[in-house]
Structure formats: structure tokens, C-alpha cells
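Undergrad: pasting the sequence and the predicted coordinates here, then a few questions.
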Amino acid sequence: MRNKIKSYDARKNRRTKILTRKATLGDVKEIHILINKFAKRKLLLPRSLSYIYDNIRDFFVCENREKRIVGCCALHIVWEGLAEIKSLAVKRSYQGRHIGTILAKRCLNEAGELNVDRVFALTYNPEFFRKLKFSRTNKSLLPAKVWRECIDCPLFPNCEEIAVIKKL
């Protein structure tokens, strides 16, 4: 399903058209580049091409008028009634246009359609999620299954990500 959304560009004081949709196999390489630009700055976990191909059904993307990916986000089902928002990234030149919010809301809507009770995220930017009505939670309250990616992270066990959660 494709959604055309008008995004507000505060820097240019105008609205721009942004298309959000489920990701396809043709988007994998652009998603990979976008996520790993943030990973180099230690703002996201790096993702391999293999990981993105394996999980492409989890991803939503936003594309500009030229059909270039300007943002991505994934909703990953973790367990019964629990999902995670992950790999939320928006190109720097498109930040400030609410694209991250649009993508996160698409994930939350899909979670509701799947009858997910709770959605969480591990983030360095809890304020972003607070605006979406997430609240902080203790990481230790999340199921052990959540930590399988953490073991491979170069920041483990000294991770400074903050866990946030929202009940739907």
C-alpha cells in the first residue's frame, strides 16, 4: 500500500510530497547505504545486505519525487504481542520534515493491524519517541530474545541506548 503524504519542509517553508510504502527488493541497496551511514556515526546498528534481504518485509520506506529513498524504518515482530521499531533513518537533507514520524506511525499502524499489544524501540533519541507517546522502560524488562542482536554489537555490553515502549 502506497501513501502520498505532504511533508512540511521548515527550512524552505513549504510542503513537499513524500511517498511512503512497504519496501521491495529493489530498495535493499539504498536502505543498506542509508542505515550504514548512520551506523558509521554510531547512531544505529550496522546492517548487512543479507540482513536487509532477510528482513525486507519488515521495512517501510519514504521516497522523494525522484523515487529515491529518503527514509526507512522497520517493524520487527519479536514475540507474541511484542514488536520492535528498528533501523529508523532519514537522510540528513530530509530531516526536519516529519519523515521519521511518518515512518514510525506506519510501523505503529501495522503493529495494530497485526494485533500487537506493545511496541518498543532501543534508541539514542528517546525524545523523538516520547512525542509518539512512548515511555521509557528498563531494558531488563524486555524478553531475552531481544538481546540476540546486542551480543554482536561492538558496543556490547556498554550500550547507551534507551529502551522505550508503547502500549497499543
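TA: Yep, that arrived.
Undergrad: okay, now residue 94: neighbour count?
TA: By other CB atoms under 10 Å, 19 other residues sit near residue 94. Every residue, glycine included, has its C-beta placed from N, CA and C.
Undergrad: and it, what's its pLDDT?
TA: With respect to pLDDT, residue 94 scores 95.
Undergrad: list the residues that contact it.
TA: 62, 64, 70-71 (CB atoms under 8 Å, 6 or more residues apart in numbering).
Undergrad: lowest average confidence, helix or strand, in the protein?
TA: None of the helices or strands of the chain scores lower by mean pLDDT, DSSP states H and E than strand 3-9, at a mean of 47.
Undergrad: for the protein, give me the ranges with low pLDDT.
TA: Applying pLDDT under 70 to the chain flags residues 1-16, 144-159.
Undergrad: now do the helices in it.
TA: 28-40, 49-54, 99-113, 126-130 (DSSP state H).
Undergrad: please enumerate the strands of the chain.
TA: Along the chain, the stretches classed as strands by DSSP state E are 3-9, 14-22, 59-63, 69-79, 82-90, 118-123, 135-137, 162-167.
Undergrad: can you count the residues close to residue 122?
TA: 19.
Undergrad: tell me the contacts of it?
TA: Contacts for residue 122 (CB under 8 Å, 6+ apart) come out as 84, 86, 139, 159, 161-164.
Undergrad: if we use 6 Å, what do you get?
TA: The contact partners of residue 122, taken as CB atoms under 6 Å, 6 or more residues apart in numbering, are 161, 163.
Undergrad: hey, what's it bridged with?
TA: Residue 122 forms beta bridges with residue 163, as assigned by DSSP bridges.
Undergrad: look up the closest residue to residue 73, ignoring the ones flanking it.
TA: Spatial nearest neighbour of residue 73, excluding adjacent residues (CB to CB, 6 or more residues apart in numbering): residue 103 at 3.7 Å.
Undergrad: which residues touch the one you found?
TA: 60, 71, 73.
Undergrad: so how far is residue 117 from it?
TA: Residue 103 sits 21 Å away from residue 117, going by CB to CB, to the nearest Å.
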